[in-house]
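Colleague: here's my sequence, what's the structure:
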Amino acid sequence: MPTTSPLDGLRFAFGTLTVIPVRVTRWDRQAARGGMLCAPLAGLAVGAAAAGLGLALLFLGAGTALAAVASVAVPAALTRGLHLDGLADTADGLGSGKPADDALRIMKQPDIGPFGVITLVLVLLAQAAALAQAYDDSWARGACAAVVSATLARLALTLAARTGVPAARPEGLGAAVAGVVPVRAAVIAVAAVTGAAAAAGALLGPYDAIRTVLAVVLALAAAEALLRHCTRRFGGVTGDVFGGLAETAATAALVVLSLG
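Modeller: Numbering: from 1, shown residues only. Predicted structure coming up:
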């Protein structure tokens, strides 16, 4: 079996989770493991781009609402809307009330049903409103919220790819990454991201450090609740479920970071 280098994991993470032009040279379980462990780094890059555009608009004289909308638009653009599409499809599957096979069939359809539309509208409004509040507090808090939320969105994917979480289908991205991350490695990733987020918050003040850690905890808890519900309903995870988890974690984090 070929040896996996850290670059294989980075290529996998950026090549599958962003539109950044990275050539994925390996698509096996070892590369997928490295890729899902590197997912928060892809989130960090996406969040930095989102914060950068938001700050640029603020410094050019735009209001906080426009800066917030721009910061929400960047992750959507850098993923080609993949996670938002997954969120909508997951909402349609869960909202259908159908058995697992029928719900999975609904999720594969190219159109978006009413549950998906409503969920998308509410989530995007919540994200923009929360970021606007953070930018209202200060440009630094807004930028921190954009970076932390995007990183946590991808950390939720690392946790969802841990050993013991099955795939709902034998094919697709969900099957490629389901169960590839050892639980111990997932825990280490959570600890590393939590420490980095707390350090970033501490630069803004002690309360911000506490609030940032709380955002990590609640964002991952919200994603875990959705993961468990989807696993029960669908029999496992799919690529759509991964997208739904990312948007759930990002939204929960932004809400927490906008409080106080």
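Colleague: mind listing the helices for the stretch 101-250 of the chain?
Modeller: Secondary structure of the stretch 101-250 of the chain (DSSP state H, counting those that start in this stretch): helices located at 114-137, 139-160, 173-177, 183-202, 206-234, 239-257.
Colleague: Gln30: which of the ones you listed is closest?
Modeller: Closest to Gln30 of these is helix 173-177 (C-beta to C-beta; 11.7 Å). Using the backbone N, CA and C atoms, a C-beta is placed for each residue, glycine as well.
Colleague: adding distance to Leu44 and mean pLDDT, write the helices of the stretch 101-250 of the chain out as TSV.
Modeller: As requested, the helices of the stretch 101-250 of the chain are exported to TSV (distance: least, C-beta to C-beta, whole Å; pLDDT from 0 to 100):
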stretch	distance to Leu44	mean pLDDT
helix 114-137	17	97
helix 139-160	5	97
helix 173-177	19	86
helix 183-202	9	97
helix 206-234	14	97
helix 239-257	13	97
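Colleague: any chance of those helices in CSV, plus mean neighbour count and distance to Thr90?
Modeller: Shown next, in CSV, are the helices of the stretch 101-250 of the chain (neighbours: other C-beta atoms under 10 Å; distance: least, C-beta to C-beta, whole Å):
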stretch, mean neighbour count, distance to Thr90
helix 114-137, 19, 8
helix 139-160, 27, 12
helix 173-177, 22, 11
helix 183-202, 16, 21
helix 206-234, 19, 7
helix 239-257, 28, 4
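Colleague: can you say which of those helices is nearest to Ala56?
Modeller: Per C-beta to C-beta, nearest to Ala56 of those: helix 139-160, 10.7 Å.
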